[in-house]
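Participant: predicted model, plus sequence, below.
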Amino acid sequence: MARSTRVYTIKAVSDLLDEDMELLEEIMYNSDNIDYGEMIHIDDGSKDGMTGFTDRGIECIEELLRDARSWKGGLRSFLVADHCDPETIERIMAKEQARTEAQNRKQA
């Protein structure tokens with residue numbers, strides 16, 4: 001199978017998946033959440049650079065979020081287990097609630 005040559009920034013992934021960027025940042029902080037080689041550091045000339053994701057990296061994010069949302073305790077339990085800051089968890093969960101409500105309105 002050919003190696004993916006396309007890389008997406010975290011902002012592009014956020015837009016593509018309609019997911020909160022802060023949530024995606026928390027996922028990327030633990031490289032074990034993404035298959036090896038599918039999350040790439042990009043030297044853009046800045047001090048910290050940026051992170052990019054291959055097509056498979058995006059699939060990993062989708063799978064992780066689908067699984068985490070189905071667990072007992074849902075996304076919150078995933079964030080707690082991943083040792084996220086409590087304030088960050090509350091911000092993400094508030095945005096997750098708004099996202100869920102918006103999806104429910106679209107389906108109604």
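Facilitator: Received the coordinates, thanks.

Participant: poorly predicted segments of this protein, please.
Facilitator: Along the chain, segments meeting pLDDT under 70 span 1-4.

Participant: from residue 76, how far off is the residue most central in space within it?
Facilitator: Nearest residue to the geometric centre of the chain (Cα atoms, centre = their mean): residue 24, 2.6 Å. Distance, residue 24 to residue 76, using Cβ to Cβ, to the nearest Å: 16 Å. C-beta: built from backbone N, CA, C; applies to glycine.

Participant: can you pull out the helices in this structure?
Facilitator: Along the chain, the segments classed as helices by DSSP state H run 10-17, 21-29, 55-70, 74-81, 86-107.

Participant: save those helices as a markdown table, and put in distance to residue 42 too.
Facilitator: Formatted as a markdown table, the helices of the chain follow (distance: least, Cβ to Cβ, whole Å):
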| stretch | distance to residue 42 |
| --- | --- |
| helix 10-17 | 10 |
| helix 21-29 | 12 |
| helix 55-70 | 13 |
| helix 74-81 | 26 |
| helix 86-107 | 24 |
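
Participant: what's the closest of those helices to residue 46?
Facilitator: For residue 46, the closest of those is helix 10-17, at 14.0 Å, according to Cβ to Cβ.

Participant: report the angle between the closest one and helix 21-29.
Facilitator: Comparing the axes of helix 10-17 and helix 21-29 via axes from the mean of the first three to the mean of the last three Cα atoms, to 10 degrees yields an angle of 120 degrees.

Participant: other residues contacting helix 10-17?
Facilitator: Helix 10-17 is contacted from outside by 8, 19-21, 24-25, 28, 50-53, 58, 61-62, 65, using Cβ atoms under 8 Å, 6 or more residues apart in numbering.

Participant: now find how far off-centre it is within its chain.
Facilitator: In this view, helix 10-17 has its centroid 9 Å away from the chain centroid, taken as Cα atoms, centre = their mean, to the nearest Å.

Participant: just the buried positions in that helix, please.
Facilitator: 10, 13-14 (16 or more other Cβ atoms under 10 Å).

Participant: what is the nearest of those residues to residue 105?
Facilitator: Distance to residue 105 across these (Cβ to Cβ) is lowest for residue 14, with 20.8 Å.
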